[in-house]
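Trainee: Provided below are the primary sequence and the corresponding predicted coordinates.
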Amino acid sequence: MSDQAWERAALREILDEALRERRRNRLWRIITRIALVVAILVLAISITQCAMTTDKEEVGPHTAEVRINEPIMSDSASSADNVIKGLNAAFEADDVAGVVLRINTPGGSPVHSQRIYDEIKRLRDEHPDIPVHAVIDDIGVSGGYFVAAAADKIHVGGSSVVGSIGVIAGSFGAEEALEKLGLERRVHTAGEDKAFLDPFSPLRDDHVEHLRLMLEDMHQQFIDAVREGRGERLDEENNEDLFSGLVWTGAQSIELGLADEIGSVSSVARDVIGEEEVVDYTAKRDFFTELSEQFGISVGQGLYYTLKRLEYQVH
């Protein structure tokens, strides 16, 4: 290589490295700006929520709303702890004419669903003058319907998805795949059933039977709760599949006795409870949890689109 060609190659490499460095600096500036914007937005939202919470003390007669719009599990905004906190705030507030539980969830933990169900029943007994209505938006199935069954009445949209009164446990079997790969499963336990339903070991009939009994017990608890909540409104005599795990539209669920009538939060507040003004008592998670989640989502999205843009520019 001639001296002139070497110089051109070296100069090109220097320019390329400078361009790459500029792009890296630009990327980090964008990430920093996104993080700052997210922090400001979350802080503003938190301040607004605090102001709204303060304003609730000055509201006159109204309908209280508590939302379940995520899977019902320990690490979600619709965990039993959060929902119960919101329910207690709604029932204890001044001038509450009724409580609406707004449900839009595919279900979740049977334990958390049972806790919410039990708390609604307790609050109804403690405050017999405050009616509780469940409103199912798009979907209220499995644990979501479990919770709804505790309400005085269940309102649905005509095309809402309702039901799924059942319990499921899923896994997989990989012992044949291991054998084909020439791998040997080695597991050591203290207690002959400690490796219960290990997916890398052959399925044992006694383990399957034990799981079946567990699922049937949980299923029966679900059925008993629905029967207790819905009572004679259920049309069990003409519908053998009522507790099979099937789902129905909102219109069908009314015919089956799983729901009472078509309605929304606003129509129930206005026409059933009689207080059109709706105040949201849904418990908000702590500031730092909301901040970390919003930060992660926003930075992730910003980083993705920035990388795609830089990739496009490079090509």
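Mentor: Yes, it's here.
Trainee: From now on I want contacts and neighbour counts done on CA atoms only, so please keep to that.
Mentor: Will do.
Trainee: can you pull out the strands in the stretch 201-315 of the chain?
Mentor: Counting by DSSP state E, counting those that start in this stretch, one finds strands in the stretch 201-315 of the chain at the ranges 247-249, 261-262, 278-280.
Trainee: which residues touch the second one?
Mentor: The set of residues that contact strand 261-262 without belonging to it, under C-alpha atoms under 8 Å, 6 or more residues apart in numbering, is 154-158, 250-251, 254.
Trainee: Quick one: mean pLDDT for that strand?
Mentor: What strand 261-262 shows for mean pLDDT is 98.
Trainee: partner strands of that strand, parallel or antiparallel?
Mentor: Sheet pairing of strand 261-262 (DSSP bridges) gives strand 153-156 (parallel).
Trainee: what does the partner strand rub up against?
Mentor: Taking C-alpha under 8 Å, 6+ apart as the rule, strand 153-156 contacts 132-137, 148, 250-251, 258-264.
Trainee: Recalculate using a threshold of 10 Å.
Mentor: Strand 153-156 is touched from outside by 100-103, 131-140, 145, 148, 162, 229-230, 249-251, 253-254, 257-265, 267-268, with contacts defined as C-alpha atoms under 10 Å, 6 or more residues apart in numbering.
Trainee: How many neighbouring residues does Arg212 have?
Mentor: Arg212 has 12 neighbours, counted by other C-alpha atoms under 10 Å.
Trainee: what does Gly231 give?
Mentor: Counted with other C-alpha under 10 Å, residues neighbouring Gly231 total 14.
Trainee: how far away is it from Leu258?
Mentor: Distance, Gly231 to Leu258, using C-alpha to C-alpha, to the nearest Å: 10 Å.
Trainee: for Leu36, helix, strand, or coil?
Mentor: Using DSSP: H, G, I helix; E, B strand; the rest coil, the structure places Leu36 in helix.
Trainee: pLDDT at it, what is it?
Mentor: Confidence at Leu36, expressed as pLDDT, is 75.
Trainee: Could you measure from it over to Glu175?
Mentor: According to C-alpha to C-alpha, Leu36 stands 50 Å off from Glu175.
Trainee: The two - which one has more neighbours?
Mentor: Ranked by neighbour count (other C-alpha under 10 Å), Leu36 and Glu175 place Glu175 first, with 18 against 12.
Trainee: measure the more buried one to Ser78 for me?
Mentor: Glu175 is 37 Å from Ser78, by C-alpha to C-alpha.
Trainee: Which helix or which strand is home to the nearest residue to Asp137 once chain neighbours are set aside?
Mentor: Leaving aside its sequence neighbours, Asp137 sits nearest to Asn104 (C-alpha to C-alpha, 6 or more residues apart in numbering; 5.3 Å). Of the helices and strands defined by DSSP states H and E, Asn104 is found in strand 96-105.
Trainee: What mean pLDDT does that strand get?
Mentor: 97.
Trainee: got it, and stretch 229-248?
Mentor: Stretch 229-248 shows an average pLDDT of 93 in the prediction.
Trainee: What are the buried residues along that stretch?
Mentor: 229-230, 234-235, 242-243, 247-248 (16 or more other C-alpha atoms under 10 Å).
Trainee: again with stretch 258-266
Mentor: 258-266.
Trainee: Stretch 94-101 now?
Mentor: By neighbour count on 16+ other C-alpha under 10 Å, the buried set for stretch 94-101 is 95-101.
Trainee: wait, Gly108 sits on Asp75?
Mentor: No - here Gly108 lies out of contact with Asp75, judged by C-alpha atoms under 10 Å, at a distance of 11.1 Å.
Trainee: neighbour-wise, which of the two wins?
Mentor: Neighbour count, other C-alpha under 10 Å: between Gly108 and Asp75, Gly108 has more, with 19 against 9.
Trainee: can you give me phi and psi for that one?
Mentor: Per-residue torsions, Gly108: phi 150, psi -140 (degrees, to the nearest 10).
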